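**Student:** Sequence unavailable; structure follows:
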């Protein structure tokens, strides 16, 4: 023991408590170097390399370990440096709390100086200790620090020390590592002009005072995709007034980056502006041309009526940076031999980033990752450094990696720590597993899923009871049996939040051993399940509900098509088919009753790609066909979710994880109501029931597809459904399902929310024990926040994957003409839907370097008149579809009008030989 300290403390109750603090130093921590006799194998866990592979440093040619100081560790860890060359890997370091390397803080010495001295003592100790290993041992510890004073003191004490830049530049065999150095000195890399562009950010202490007094407002900075000179700040807190503040102009954006937490100052009402309708993308190469930016800013300020003005502000400081590594492409400098280039992120909301690299010619035309280091006041763009080369633009693997990274989808392989919590194979159900569990293996249970599904979450059964009633069971994979609270597997599943389904790839939430094997309710194997069993009459009215953990043995794993064939077949009358027919009959009654209550039946065109078995390129694109059996499974999943939601809220009124769907504000429905009115149809939107009934009535004998289009449009009016903790909200209603309460219980293999719900239900029925986090509503609210974010990102990633595969499809297909329907009319374009492909796109009527046609836009009808032709929502048109590759970074599907014919706008019907994608040579390559 080093020292002991005793003091008395007064308690809240007025008593006196004696507190003793003892400080111990350990003498059993090994150095981490293999074969060290002095440490006698005291070290456990990962160690240092026996002989560090020589990184060919011209400064220190002999074998050496690196010991970085704290700041280098935080800012300069470079992926190219292998683990093991760092003497500071936590488990390998001779900790400052150990006997020989502990240092006390001296009088007048601040904590930072004490830490610097402790690291120098550790470096010196290592060098002396390693010499004792053997007489001919040349191993050294090199101290890496960017602190000039710390380096000077180290050299005075005889410790070999270098700055990060000095050491990296000495690695002659790896010159590319220099590009990866974080640019820490904001002043050191400023533009030569030195002209101050931005105002200084206020220190955090002043920002906090200002927020407290109401001078400043705190919120999340959201950059615009359409206009790089405009952003909004969503203000935190319950204040309904000034919930959203507009920022316009470079100086008012003041170096904030998308998703940063910022402090804003509200401008006087005389300086308020209206959201701009101008589309502006930052395409300039000249970083110093700030005058042009000011010209563009003046374009934003158009004369508008006073009611269109919105609260406007400016960023005065950054409370929290939310930078991440960004994917994109290098915009090579026009100056020959220049090492300074601009990087253009794939996400249009992120500003361009200035990096220094010697590999510009190698990186051109490739997807790369860049990190931001800082943004000086006199620089038009932030400074950053090159991190990684992902591969060539347009390659399937590269683009998939980009979309996963850009949507923040965790997709690294599961770590050994996570995998260590998986059951050991071969696995079988034990007597211990059967505790608090019902044996339902005798029941005729089957699963119905899409073709190729391996992560089977749910199975169903239906049988007649002796009393004439029906027993219906929904059996869900018991994932919570395998994922125990708080372990590494649980933490990783919670972080991932959801399985992400891309067109050709599935990013699992849980390791494959669980998702496709032990938890998957495959046929003819015993599986653990969580069952929700109802006794119903033949009118689908619930008489009794029972929840139980169970063991099941599915008798068939069917696709929706196979289940439909069984139901429709006159020759099949086996137990599985009888069960399916019973389920289907009840499902129809349940659906009818749900719709009568006001549940919405909306539409969203989903596409399915048919892949080439060898190249895995899409060879066909079709909208997904929905059968009766899809609806049958859906009805029982909804019923199970509602039943479970009621049960867990009954037991845990403050701690239930539920899902709600807020009712949209009336303004959301304007586009739907106007579109229907243009077809002499009335859509009522005061309640979900009146909306559902209006949509059912909105039929046109001459235009059968109209009802589908209206339902697609109604889907766009909806709010996002979200997870929440029952103790943190009063509104539980699910608008789309017309249910007063709802949760997710039926897909625990692919949704972490369902795992939490399983745990709550298990405690409610006495099948499992609780744990502190389960009944902590603040912890549950944090889990919900992450789940909502992960689900939203998964949706965006799936859409991006569909968009990329659609591009691949049309790249091989060439130019095609198809019938389309207008979904929206804009001031200079129409947005169309092509039913055959479930594809949506925009037909623009204004193009660069072409005379603009006469356009008259009417927002009330809504309609767009071009020359003498008027376009309304839902009008049928014919469009040409092609892949536009003119912008390598943002390739897109381009649509042009074919019919109706408008001179100078519509393209000729026969354009089979026209090259609309770019240079001739590229077209010829396609044809090979």
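**Tutor:** Cool, got the structure. Just so it is clear, the model here is predicted, and its values are computed rather than measured.
**Student:** For the host helix or strand of residue 220, which strands pair with it and how are they oriented?
**Tutor:** Using DSSP states H and E, residue 220 maps to strand 216-223. Strands that pair with strand 216-223, judged by DSSP bridges, come out as strand 230-235 (antiparallel), strand 261-266 (antiparallel).
**Student:** Deepest-packed of these, please.
**Tutor:** Compared across the strands paired with strand 216-223, strand 261-266 shows the largest average neighbour count, a mean of 22 (mean count of other CB atoms under 10 Å). Glycine gets a C-beta too; all of them are placed from N, C-alpha and C.
**Student:** Need the contact partners of it.
**Tutor:** 202, 207, 210-211, 215-221, 233, 242, 245, 247, 256, 311-320, 322 (CB atoms under 8 Å, 6 or more residues apart in numbering).
**Student:** Strands - which of those land there?
**Tutor:** 216-221, 233, 245, 247, 313-320 (DSSP state E).
**Student:** ChimeraX command to pick out the buried ones of the residues you listed?
**Tutor:** One line in ChimeraX is enough to select the buried ones among the ones in strands among the contacts of strand 261-266; burial here means 16 or more other CB atoms under 10 Å:
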select :216,217,218,219,220,221,233,245,247,313,314,315,316,317,318,319
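**Student:** Provide a list of residues in contact with residue 436.
**Tutor:** 549, 766, 767, 768.
**Student:** Over to residue 691?
**Tutor:** 598, 600, 683, 684, 685, 714.
**Student:** quick one: which helix or strand includes it?
**Tutor:** helix 688-697.
**Student:** And that helix, what's buried?
**Tutor:** Buried residues in helix 688-697 (16+ other CB under 10 Å): 688, 689, 691, 692, 693, 694, 695.
**Student:** and which of the contacts of residue 691 is nearest to residue 103?
**Tutor:** residue 600 (67.7 Å; CB to CB).
**Student:** pretty sure that closest one contacts residue 736?
**Tutor:** Yes - contact criterion CB atoms under 8 Å: residue 600 and residue 736 qualify, at 5.1 Å.
**Student:** list residues touching both of these two?
**Tutor:** Applying CB under 8 Å, 6+ apart, one finds that residue 600 and residue 736 are jointly contacted by residue 688.
**Student:** Is there a neighbour count for the nearest residue to residue 56 once chain neighbours are set aside? I'd like the number.
**Tutor:** Closest residue to residue 56 apart from its sequence neighbours, by CB to CB, 6 or more residues apart in numbering: residue 173 at 4.3 Å. By other CB atoms under 10 Å, 10 other residues sit near residue 173.
**Student:** who touches residue 493 in this structure?
**Tutor:** By CB under 8 Å, 6+ apart, residue 493 lies in contact with 483, 509, 510, 752, 755.
**Student:** Quick check: it vs residue 515, distance?
**Tutor:** Plainly put, residue 493 is 10 Å away from residue 515 if you go by CB to CB, to the nearest Å.
**Student:** what do you get for residue 879?
**Tutor:** From residue 879 across to residue 515, the span is 41 Å (CB to CB).
**Student:** can you give me the strands for the stretch 1-150 of the chain?
**Tutor:** Under the criterion DSSP state E, counting those that start in this stretch, the stretch 1-150 of the chain carries strands at the ranges 3-10, 16-23, 64-68, 140-144.
**Student:** could those be laid out in CSV, adding distance to residue 553?
**Tutor:** Below are the strands of the stretch 1-150 of the chain laid out as CSV (distance: least, CB to CB, whole Å):
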stretch, distance to residue 553
strand 3-10, 62
strand 16-23, 59
strand 64-68, 57
strand 140-144, 61
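**Student:** ok, back up a step: which neighbours do residue 493 and residue 515 share?
**Tutor:** residue 509.
**Student:** Buried residues, stretch 198-209. List them.
**Tutor:** Here stretch 198-209 shows 198, 201, 202, 207, 208 as buried, counting by 16+ other CB under 10 Å.
**Student:** Quickly list the domain ranges of this structure.
**Tutor:** 47-178, 193-279+304-321, 414-662+718-794, 672-710, 813-897 (the TED database).
**Student:** Quick one: mean pLDDT for whichever strand or helix holds residue 534?
**Tutor:** Per DSSP H and E, residue 534 falls inside strand 526-536. Averaging pLDDT along strand 526-536 gives 96.
**Student:** What residues of it count as buried?
**Tutor:** Neighbour-count burial for strand 526-536, counted by 16+ other CB under 10 Å, picks out 527, 528, 529, 530, 531, 532, 533, 534, 535, 536.
**Student:** What of stretch 505-512?
**Tutor:** 507, 508, 509, 510, 511.
**Student:** Among these, which one sits closest to residue 661?
**Tutor:** For these, the nearest to residue 661 is residue 509 (22.6 Å; CB to CB).
**Student:** if I pick the closest one, what's in contact with it?
**Tutor:** Neighbouring residues of residue 509 by CB under 8 Å, 6+ apart: 493, 496, 497, 498, 499, 515, 749, 750, 751, 752.
**Student:** one more time with 6 Å, if that's ok
**Tutor:** The contact partners of residue 509, by CB atoms under 6 Å, 6 or more residues apart in numbering, come to 493, 496, 498, 499, 750.
**Student:** can you pull the pLDDT of it?
**Tutor:** pLDDT at residue 509 comes out at 95.
**Student:** quick one: secondary structure of it?
**Tutor:** Using DSSP: H, G, I helix; E, B strand; the rest coil, the structure places residue 509 in coil.
**Student:** From residue 493, how far out is it?
**Tutor:** 6 Å.
**Student:** and what of residue 582?
**Tutor:** In this view, residue 582 and residue 493 are 35 Å apart by CB to CB.
**Student:** for residue 626, same thing?
**Tutor:** Taking CB to CB, one finds residue 626 at 30 Å from residue 493.
**Student:** now residue 548
**Tutor:** Look at residue 548 and residue 493: by CB to CB, they are 24 Å apart.
**Student:** Equivalent analysis for residue 539, please.
**Tutor:** Applying CB to CB to residue 539 and residue 493 gives a distance of 40 Å.
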